[in-house]
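Asker: Provided below are the primary sequence and the corresponding predicted coordinates.
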Amino acid sequence: MDSESLKAQVIKEVKTQYAMENARQLIEKVNEHCFEKCVPKPGTSLSNSEQTCFTQCMEKYMSAWNQVSTTYISRLQRQQ
């Protein structure tokens, strides 16, 4: 493997690890934020209203995350 191929492989692996870390953080933040908001008294199961709240919260949080990520990536691409 030549140095350019090795460099490209390393960059690809770093990007993959970065994406995995971002996904992990997203899941962690969604669970933390939405669970605290929607489940005031944890029990053995979620009520219908808690499930609805949690679902809507996750959808809003992920939509906002996607918008921020898209804007950030766009800004980075313009700077290059």
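Answerer: Alright, I've got the coordinates. Numbering: from 1, shown residues only.
Asker: and the longest helix seen in the chain, what other elements does it pack with?
Answerer: Longest helix in the chain, counting residues (DSSP state H): helix 3-38. Under the contact definition 3 or more Cβ pairs under 8 Å, 6 or more residues apart in numbering; DSSP states H and E, helix 3-38 sits against helix 48-79. From N, CA and C alone the C-beta is placed, and that goes for glycine too.
Asker: that older thread, of all the residues in the longest helix of the chain, which ones are buried?
Answerer: The neighbour-count check on helix 3-38 (16 or more other Cβ atoms under 10 Å) flags L26, V30, C34, F35, C38 as buried.
Asker: which one is the residue nearest the centre of the chain nearest to, not counting chain neighbours?
Answerer: Nearest to the geometric centre of the chain sits L26, at 2.9 Å (Cα atoms, centre = their mean). In space, and not counting its chain neighbours, L26 is closest to W65: 5.6 Å by Cβ to Cβ, 6 or more residues apart in numbering.
Asker: Fine, thanks again, bye for now.
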